[in-house]
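> after the sequence you'll find the predicted model.
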Amino acid sequence: MTELKRGKAHGTQATYALFKLGAILVPLNPSFNATQVVSALSHLEASHLIISAESNLPRKDPRSNVKLLELMIEDLFSSKLQSALIPSLEKIILVNNSSGRVDISSYKSLTPFSSVMSQLPGDCRPLPGQNLYPQDIINIQFTSGTTAMPKAACLSHVSILNNGSQIGDRMLLTPNDIVCCPPPLFHCFGSILGYMATATHGSSIVFPSESFNARAALQAVQEEKCTALYGVPTMFLEELSLIASGEISSDGFQHLRTGIAAGSSIPAELMKKLHKVLNLTELTICYGMTETSPVSAMTATDDPIAKRISTVGRLMPHVEAKIVDPVDKTQTLPTGARGELAVSGYLLMKEYWGDPVKTAEVMIADATGKVWMHTGDEASISEDGYVSITGRIKDLIIRGGENIHPLEIENCLLAHPGVLDVSVVGVPDERYGEVVASFVSARDQGSKMVTAEEIQQWVREHLSNHLVPKYVFFLGPTETFPKTASGKIQKFKLKEQAIKLIAGA
């Protein structure tokens, strides 16, 4: 059995219990506002809600959930739970994680999580058979919402269990491994890459904090002697920054060997720093999406460095992929050509819950009847089977009829000594249709900070003129990129911000 260390115990207990019961688990993003929570619960006709007294989000103070509960429930003080907004709701189980900041003692309509646990019999016996089947929906994951409103992807026992097992296989996990998992459990990264991969291999798993905290993650690695570390690029960048500034000692990472970088494309410069600073010499790259449970391609621990920097590895076992024309999806493109990646196999979601129209838009059967998930990612597949992701098709910048890939410019700028982090988007332009705009988080170099002209000249020298950002925007000292709660940069928000800044210039 996987050993759990540090926090998030309640969520893990509930997850395993629900899976064994056959109830459908729907982890909600804690950054959802009241409208989104009510909409999600109503859409799914949820019967039970497990909620904490406070929600914890990265870099923010704890947020009380009392107002949300007051909105959903007619009378929190009544012993009978009633909700006009969510008529299907039968019970709300409250985890009091507020350390006394929230008084819940008089809310009689709520069931304390502690009372549920205390009612367990002393001689707990295995559950009798629940008539469960491998293809049953067991987990509904809301998509991250980096570009649009989230959708409810329905995943099965067979898809998430096998995907987790295959991920652990490719990482070469054993019962001796201790995996530090900062990504959130409401996301596939924390749940499937986290406790599914470790549970199937008997590895220990460490959850450093309720929400991502770079300092807590690094300290957990040092104190627990972790052998693996997970993260998305923005998480790794924040951790490396703490080490570079001396706020966290560079010692204590000698036990690390592997881990997973996923969630968005991994810049080459970041990969090199992770190898050098954190000893992640066997770091793997995962590619996937919520709708594919989630990982469809992954590098191996012994892949050549060049492959781990420039690709997302080979397909997972029992997974098929093809590259199709983004406009005419019936046309399969030749090896090496760029197009939209489509994936097929056991790992496909069953549907978007209650949304057959959106399901049909992405799950398309070919002439033989085989169903393919069309990912929306531009990619190519090499002769030797390695998959390269060049970006979201909708993120492509078309300047004067020429396709520009933001990742190429981002990789270039991350190599600049004055750049801490960067994100590139396309903005409207009268002459070219679209041009490049870059948002830069500058590295503190004392009295001298990188300038827009230096940014542009760097791209001009290292790439070419047509890739030079026409606009360069700098984040202030306390500003951060708009991100999902799982750490992905929301480019659509940056694009909206750039258009406003240009209009006001």
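Good, I have the coordinates.

> drop to CA atoms for contacts and neighbour counts, all remaining ones
Fine.

> quick check: closest non-adjacent residue to L81.
Nearest non-adjacent residue to L81, counting by Cα to Cα, 6 or more residues apart in numbering: S109, 5.0 Å away.

> tell me the pLDDT of that neighbour.
On the pLDDT scale, S109 is placed at 95.

> that one is in contact with E74, isn't it?
No - here S109 does not reach E74: they are 9.8 Å apart, not a contact under Cα atoms under 8 Å.

> between those two, which has more neighbouring residues?
S109 (19 against 16; other Cα atoms under 10 Å).

> and the more buried one, what element?
Per DSSP states H and E: S109 is located in neither a helix nor a strand.

> contact partners for it?
D75, L76, F77, S78, S79, K80, L81, I92 (Cα atoms under 8 Å, 6 or more residues apart in numbering).

> and the buried ones among the residues you listed, selectable in ChimeraX?
Buried residues among the contacts of S109 (16 or more other Cα atoms under 10 Å), as a ChimeraX selection:
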select :75,76,81,92
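
> before we move on, back to that, what sits in contact with each of S109 and E74?
The contact lists of S109 and E74 share L81, where a contact means Cα under 8 Å, 6+ apart.

> quick one: the helices in the stretch 401-505 of the chain?
Ranges of helices in the stretch 401-505 of the chain, per DSSP state H, counting those that start in this stretch, are 406-414, 452-462, 491-504.

> give me the nearest residue to T281, chain neighbours excluded.
H275 (5.0 Å).

> can you tell me how far that neighbour is from E269?
10 Å (Cα to Cα, to the nearest Å).

> check A452 too.
Where E269 is concerned, A452 sits at a distance of 21 Å (Cα to Cα).

> cool, and R460?
Applying Cα to Cα to R460 and E269 gives a distance of 18 Å.

> for Q219, same thing?
24 Å.

> in the chain, where is pLDDT below threshold?
1-9, 122, 144-149, 263-265, 446, 485-486, 505 (pLDDT under 70).

> check the secondary structure at Y287 for me.
strand (DSSP: H, G, I helix; E, B strand; the rest coil).

> my guess is it contacts T299. True?
No - counting by Cα under 8 Å, Y287 stays clear of T299, with 9.0 Å between them.

> neighbour-wise, which of the two wins?
Taking neighbours as other Cα under 10 Å, Y287 and T299 compare with T299 leading, 28 against 24.

> mind listing what's buried in stretch 471-483?
Y471, V472, F473, F481, K483.

> pull the most distant pair out of those.
Within the buried residues of stretch 471-483, two members stand farthest from each other by Cα to Cα: Y471 and K483, at 21.1 Å.

> which ones are touching G426?
D395, L396, I397, I398, E434, V435, V436, A437, K495.

> would you say the fourth one is within a helix?
No - assessed by three-state DSSP, I398 does not belong to a helix; its assignment is strand.

> so what's it bridging to?
Judged by DSSP bridges, the bridge partners of I398 are N403.

> hmm, it is touching R431, no?
No - if you go by Cα under 8 Å, I398 and R431 don't touch, sitting 11.9 Å apart.

> in terms of helices and strands, where is D169?
According to DSSP H and E, D169 maps onto helix 157-171.

> only whichever of the contacts of G426 are buried, select them in PyMOL.
Burial among the contacts of G426 is assessed by 16+ other Cα under 10 Å; the matching PyMOL selection reads:
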select buried, resi 395+396+397+398+434+435+436+437+495
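
> how about the strands in the stretch 151-300 of the chain?
152-156, 178-180, 204-207, 228-231, 258-261, 282-288, 295-298 (DSSP state E, counting those that start in this stretch).

> looking at the ones you listed, which is buried most?
A comparison of the strands of the stretch 151-300 of the chain by mean neighbour count, using mean count of other Cα atoms under 10 Å, puts strand 178-180 on top with a mean of 28.

> in its sheet, what does that one sit against?
Counting by DSSP bridges, strand 178-180 is paired with strand 204-207 (parallel), strand 228-231 (parallel).

> looking at those, which is closest to H157?
Nearest to H157 among the strands paired with strand 178-180 is strand 204-207 (20.9 Å), distances taken as Cα to Cα.

> how about the CA coordinates for that closest one, as PDB?
Extracted in PDB, the C-alpha atoms of strand 204-207 (Å, rounded to 0.1, in the frame of the first residue of the first chain):
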ATOM      1  CA  SER A 204       5.600   6.500  -0.900                       C
ATOM      2  CA  ILE A 205       4.000   9.800  -1.800                       C
ATOM      3  CA  VAL A 206       4.600  13.200  -0.200                       C
ATOM      4  CA  PHE A 207       2.000  16.000  -0.500                       C
END
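
> so I50 is in which element?
strand 48-52.

> show me what that strand is packed against.
strand 91-95 (3 or more Cα pairs under 8 Å, 6 or more residues apart in numbering; DSSP states H and E).

> if we go by neighbour counts, what in the strand it packs on is buried?
K91, I92, I93, L94, V95.

> please apply the same query to stretch 65-72.
N65, V66, L69, L71, M72.

> need the residues that contact it.
A34, V38, S52, A53, E54, S55, L76, S83, A84, L85, I86.

> near the second one, how many other residues are there?
It stands for V38. 16.

> and it, that's in a helix?
Yes - residue state for V38 (three-state DSSP) corresponds to a helix.

> look up how far T375 lies from it.
Distance from V38 to T375, by Cα to Cα: 28 Å.

> the last one too?
Between I86 and T375 the distance, using Cα to Cα, works out to 32 Å.

> I'd say W353 and E45 touch.
No - W353 is not in contact with E45 according to Cα under 8 Å; the separation is 10.7 Å.

> which one's more surrounded, the two?
W353 (17 against 13).

> just the contacts of stretch 65-72 now: which is nearest L132?
Nearest to L132 among those, with distances taken as Cα to Cα, is I86, at 27.3 Å.

> what about the closest one, neighbour count?
Neighbour tally, I86, other Cα under 10 Å: 20.

> how about the one 3 residues further on?
Applying other Cα under 10 Å, we find 20 other residues in the vicinity of L89.

> that one - nearest residue in space that isn't next to it in sequence?
S47 (4.4 Å).

> sorry, back to before: relative to I502, which of the buried residues of stretch 65-72 is nearest.
N65 (37.9 Å).

> from S55, how far out is the closest one?
7 Å.

> ok, now Q331?
46 Å.

> out of these two, which sits in the busier spot?
Higher neighbour count among Q331 and S55: S55, with 19 against 12, using other Cα under 10 Å.

> what sits against the more buried one?
P30, P62, R63, S64, N65.

> with K307 instead?
Listed by Cα under 8 Å, 6+ apart, the contact partners of K307 are T299, G313, Y386.

> want to throw those into CSV with distance to M196?
Below are those laid out as CSV (distance: Cα to Cα, whole Å):
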residue, distance to M196
T299, 18
G313, 20
Y386, 25
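
> any idea which of these is closest to V424?
Nearest member of the contacts of K307 to V424, counting by Cα to Cα, is G313, at 24.4 Å.
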